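# Requesting a structural model of the entry that follows:
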Amino acid sequence: MSVSEEFETQVRRADDPSSDTAGVVEQFQRATAIGFHEAVTEAAGREVFLKIARAQRLLMRMVFDRSASPESRHAEDPVLTYAGFGGRLNAGGANPVPVHKITAVTVSPAYRRKGLLSQQIAADLREAAEQYPLAVLTASEAGIYGRFGFGAASYRAAFTVHCRQGLELRFPVPGRVEEVTGQRMDGAFQELAERTLHSSFGAVDAAPFDEGYLLGQWDGWDTLTEPKNLRWAAYRDEHQQITGMVCYKYADHQGADTMQIRGLVASTAQARVALLQHLANHDLIEQVRGSGPVHEPLRLQLRDERQYTVRSLEDSLWLRVLNPVAALEARGYVNDGRLLVNVADRLGIAEGIYLLEVTSGLPTVRRVAVDQYGELPMLSLDVAELGRLYLGQWSIGDLLEAGAATWRTGADESSARRIFEAHSTPYTPFEF
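Presented below is the predicted three-dimensional model:
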């Protein structure tokens, strides 16, 4: 498909059986590594990347400058990379929502502001809308994606637990923590990750990369070689079921003996608390550093709450509604009500007026004409703001106060204002 006379787009899937697929994946990997200022991986890392890309059925987009000079790197390498693969999101409904995960978005500095990314993301989102209610991503740059209809839907806290004298909890935690190895946790991790998806509001499913990363099979995307000095612990509840696992390593952070969390997966709050206490109670350790939910359950357990400090709050999951009817019907609701949602979308994918009705927690959604339901309140907003609202991280009131939405009064106004409230604050433990 030609973008213009100058640029050409190639779209390939990593599990394509063609003989040249491995070379295409290697070309894509090299370009994304340079785009994220990482080292180009050695042969072993390239094999791992190919394995992961095939397992995820990664759909790769690359844009080439066919007019690049012979001296230019882009005589062979793409000027833009962009990829996606299928996943699932816990939005509080009966089943996780199918989502289109977007990743590996890079544009060479010499090719910015030429409309290349706009063309690629618009084409990709329109194609994804035929299959998925939602598109999601974790953003390295927060200023890019709002103009394409994405809104920050969940946040995470970077925290430090100060534990020179250990941690004292207010209430006992049943079960036990045991030290394990990543290799022996292989099968148990998959079961744990699936339970965590179904029990954790705002969670996405663990991708093949996540499993290998947390079990110590490979390091980050920059090398994909086997990491060193990792340790693991698992939590078994009172029924002997593994409901939590943490991967961590010792580090000297600014002169303080530190347990650095590489990843913590927990399907219950008790598991999370028990694993954090386990890390904090190691001899000679002064602090534990990691990231977790904004409403950290450990804080409610600590005898001295000031042992837990938040270093920063960071956006986690960015969400883009593609099919408002399917997306809103797949969500869970704690409040009943009736509301018209007037969605603006400059790409035209989700634009329209939708009637959302929730009765006994069960939603029905359909596209309507506004003059049919003039007695109902109507919320008007951009599709990016609907992404912020979708998991209840932000409320209708928050958007109205910020000027990010407008409200037309009508019958049943109070219940309609509460219709997007959630039973808990969303948390998304996996990045992609």
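
# For E179, the count of nearby residues, please.
Using other C-beta atoms under 10 Å, E179 has 9 other residues around it. C-beta here means a position set from N, CA and C on the backbone, and glycine is covered the same way.

# Setting aside sequence neighbours, what's the nearest residue to L58?
The shortest distance from L58 to any non-neighbouring residue, by C-beta to C-beta, 6 or more residues apart in numbering, is to A14 (4.2 Å).

# any chance you could read off phi and psi for that neighbour?
Backbone torsions of A14, given as degrees, to the nearest 10, read phi -70, psi -20.

# Then H239?
H239 adopts backbone torsions of phi -100, psi 10, taken as degrees, to the nearest 10.

# And G93, by the same measure?
Taking degrees, to the nearest 10, you get phi -90, psi -170 for the backbone angles of G93.

# what do you get for T359?
phi -130, psi 120.

# Hmm, it is touching Y333, no?
No. T359 lies out of contact with Y333 (C-beta atoms under 8 Å); the separation is 9.6 Å.

# ok, those two, which is more surrounded?
Ranked by neighbour count (other C-beta under 10 Å), T359 and Y333 place Y333 first, with 23 against 11.

# Leaving out chain neighbours, which residue sits closest to the more buried one?
Closest residue in space to Y333, ignoring its immediate chain neighbours: V358 at 4.6 Å, by C-beta to C-beta, 6+ apart.

# Tell me how many other residues surround the one you found.
Neighbours of V358 under the rule other C-beta under 10 Å: 23.

# if we can go back for a sec, wait, what's in contact with the residue nearest to L58?
By C-beta atoms under 8 Å, 6 or more residues apart in numbering, the contact set of A14 is T21, V25, L50, A53, R54, Q56, R57, L58, L59, M60.

# Now tabulate the residues you listed in JSON lines and tack on secondary structure and distance to E296.
Converted to JSON lines, the contacts of A14 look like this (DSSP: H, G, I helix; E, B strand; the rest coil; distance: C-beta to C-beta, whole Å):
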{"residue": "T21", "secondary structure": "helix", "distance to E296": "43"}
{"residue": "V25", "secondary structure": "helix", "distance to E296": "39"}
{"residue": "L50", "secondary structure": "helix", "distance to E296": "38"}
{"residue": "A53", "secondary structure": "helix", "distance to E296": "34"}
{"residue": "R54", "secondary structure": "helix", "distance to E296": "37"}
{"residue": "Q56", "secondary structure": "helix", "distance to E296": "30"}
{"residue": "R57", "secondary structure": "coil", "distance to E296": "35"}
{"residue": "L58", "secondary structure": "coil", "distance to E296": "33"}
{"residue": "L59", "secondary structure": "strand", "distance to E296": "36"}
{"residue": "M60", "secondary structure": "strand", "distance to E296": "37"}
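
# Would you write a ChimeraX line that selects the buried entries of these?
Here is the ChimeraX command that selects only those of the contacts of A14 that count as buried (16 or more other C-beta atoms under 10 Å):
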select :21,25,50,53,54,56,58,59,60
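
# Quick check: the two most widely separated of the contacts of A14?
Using C-beta to C-beta, the two most remote members of the contacts of A14 are L50 and L59, lying 14.9 Å apart.

# who touches D16 in this structure?
So D16 contacts nothing (C-beta under 8 Å, 6+ apart).

# Shouldn't it be within a strand?
No. Assessed with DSSP: H, G, I helix; E, B strand; the rest coil, D16 is coil; it does not lie in a strand.

# Quick check: closest non-adjacent residue to L230.
G216 (4.7 Å).

# Would you mind giving the secondary structure of the one you found?
When classified by three-state DSSP, G216 comes out as coil.

# Report how many residues lie close to it.
Neighbour count for G216, taken as other C-beta under 10 Å: 21.

# Spit out the contact partners of it.
By C-beta under 8 Å, 6+ apart, the contact set of G216 is G182, Q183, E226, P227, L230, W232, C247.

# List phi and psi for it.
Backbone geometry at G216, expressed as degrees, to the nearest 10, gives phi 80, psi 20.

# And the pLDDT at the closest residue to S415 other than its chain neighbours?
Once flanking residues are discounted, S415 sits nearest to G337: 3.7 Å by C-beta to C-beta, 6+ apart. We have a pLDDT of 96 for G337.

# how about the helices in the stretch 251-400 of the chain?
Here the stretch 251-400 of the chain has its helices, by DSSP state H, counting those that start in this stretch, at 269-280, 297-301, 324-330, 383-390, 396-402.

# what helices or strands is the longest one leaning on?
Using 3 or more C-beta pairs under 8 Å, 6 or more residues apart in numbering; DSSP states H and E as the contact test, the elements touching helix 269-280 are strand 155-162, strand 176-180, strand 231-236, strand 242-253, strand 256-266, strand 287-292, helix 297-301.

# As JSON lines, the contacts of A14 with distance to G387 and pLDDT would be great.
JSON lines is the format used below for the contacts of A14 (distance: C-beta to C-beta, whole Å; pLDDT from 0 to 100):
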{"residue": "T21", "distance to G387": "33", "pLDDT": "96"}
{"residue": "V25", "distance to G387": "30", "pLDDT": "97"}
{"residue": "L50", "distance to G387": "33", "pLDDT": "96"}
{"residue": "A53", "distance to G387": "27", "pLDDT": "97"}
{"residue": "R54", "distance to G387": "30", "pLDDT": "97"}
{"residue": "Q56", "distance to G387": "23", "pLDDT": "95"}
{"residue": "R57", "distance to G387": "25", "pLDDT": "96"}
{"residue": "L58", "distance to G387": "23", "pLDDT": "98"}
{"residue": "L59", "distance to G387": "22", "pLDDT": "97"}
{"residue": "M60", "distance to G387": "25", "pLDDT": "98"}
